[in-house]
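>>> sequence and predicted model, in that order:
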Amino acid sequence: MKVSLPSLREMKRESRPIVMITAYDHPSGRIVDRAGVDLVLVGDSAANVVLGHSSTVPATMDEMTMLTAAVSRGVERALVIGDLPFMSYQVSDGEAVANAGRLIKDGGADVVKLEGAGPSLERVQALVAAGIGVMGHIGLTPQTATALGGHKAQGREAEAARRLFMDAIALERAGCFAMVLEAVPAPVATIISGRLEIPTIGIGSGPGTDGQVLVLHDMLGIRAGDGPEPRFVKRYAEIGEQMGAAVAAYADEVRSHAYPAEEHTYSIPEPELDAFEQAVDAGSIDDNTLADW
């Protein structure tokens, strides 16, 4: 059965943990959906995870729509969440609704996600009024990480934690159906989750949230760079190493003529091959023939 917004609320009420994965392409969407995850986020983290940028900021609506469509075509059961990229919703309610509509109509998303509270509260209200489900995102918000002092935990002082709490309440009241809490101290995230009626999805925010999310590439060890990983990442496989070893083995076999072997090739009936070779040898395939072709 397809995951729905009411079913997520029911999971929170029954204290059943919600599983969310961030993925960016059709095969990944198909794999994680068949593995039984509840939510698939097509995150703007695609900018730095798969598109080679140093942050999420360069992600465009065209890119996010294309990636969301690819993932959506592979997902049957999970709820697909399209991430609104930087400056796709900040300017006005109208732009926010139009861009969210693209992720749903063209990208096949079920709902959308946006970052922050404050000015974003009006955007949430406008989107919900247009019939679009919205997931909130507070704590470390990568689109505005520079203003937050970098990629570091948020809410580690009493006043900062209080602001996060108030932002969470405000986003719930604005109409969000769920909320990501990123890099929030575990006790703070637990208190916020306990006060909200909507589910919370944690990333680096401890076990007291209603669900957890990791980026597929992080948990599988598929990384383009060699920089440090966030402390909340747990590796469940080393697919990156396996990929590198497989490509190296392929390169060795090509260079040693071990690949392709006979079982990797297609045949032609002997009479047809003889006729082809005779045509070539007889000169019936020449410049004039090619010109007519």
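Yes, it's here.

>>> can you give me the neighbour number for T200?
Other residues lying near T200 total 28 when counted by other CB atoms under 10 Å. The way it works is simple: take the backbone N, C-alpha and C, and place the C-beta from them, glycine included.

>>> what's across from it in the sheet?
M179 (DSSP bridges).

>>> measure it to D281 for me?
75 Å (CB to CB, to the nearest Å).

>>> same question, H257
From H257 to D281 the distance is 27 Å (CB to CB).

>>> who's in contact with the residue lying closest to R30 once chain neighbours are set aside?
Nearest residue to R30 in three dimensions, chain neighbours excluded: G74, at 3.4 Å (CB to CB, 6 or more residues apart in numbering). If you count contacts by CB atoms under 8 Å, 6 or more residues apart in numbering, G74 has them with 26-31, 33.

>>> let's go with 10 Å and repeat that
G74 is in contact with 23, 25-34, 40, 80, counting by CB atoms under 10 Å, 6 or more residues apart in numbering.

>>> please, which helix or strand holds it?
Counting by DSSP states H and E, no helix or strand carries G74.

>>> for it, give me the pLDDT.
The per-residue pLDDT reported for G74 equals 98.

>>> could you do E172 as well?
E172 is given a pLDDT of 98.

>>> burial measure for it, as a count.
E172 has 20 nearby residues by other CB under 10 Å.

>>> ok, it - contacts?
Applying CB under 10 Å, 6+ apart to E172 gives the contacts 124, 136, 178-179, 192, 195-198, 200.

>>> narrow the residues you listed to those in helices?
Counting by DSSP state H, the contacts of E172 place 124, 192, 195 in helices.

>>> compute the number of surrounding residues for the first one.
Put plainly, it is V124. 27.

>>> cool, the last one as well?
Other residues near R195 number 12, with proximity taken as other CB under 10 Å.

>>> hmm, I169 and it touching each other?
Yes. Using CB atoms under 10 Å, R195 is in contact with I169, at 7.2 Å.

>>> what about the helices in the stretch 51-200 of the chain?
Applying DSSP state H, counting those that start in this stretch to the stretch 51-200 of the chain gives helices spanning 61-72, 93-105, 120-129, 158-174, 186-195.

>>> as TSV, these with distance to T141 would be great.
Output for the helices of the stretch 51-200 of the chain, formatted as TSV (distance: least, CB to CB, whole Å):
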stretch	distance to T141
helix 61-72	16
helix 93-105	16
helix 120-129	9
helix 158-174	10
helix 186-195	15
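
>>> so which of those helices comes closest to E241?
helix 61-72 (24.9 Å; CB to CB).

>>> what's the angle from that closest one to helix 93-105?
Angle, helix 61-72 to helix 93-105, by axes from the mean of the first three to the mean of the last three CA atoms, to 10 degrees: 30 degrees.

>>> so how far is helix 61-72 from its chain's centroid?
Relative to the centre of its chain, helix 61-72 is centred 9 Å away, using CA atoms, centre = their mean, to the nearest Å.

>>> need the buried ones from the contacts of E172 selected in PyMOL.
In PyMOL, a selection of the buried entries from those looks like this (16 or more other CB atoms under 10 Å):
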select buried, resi 124+136+178+179+192+196+198+200
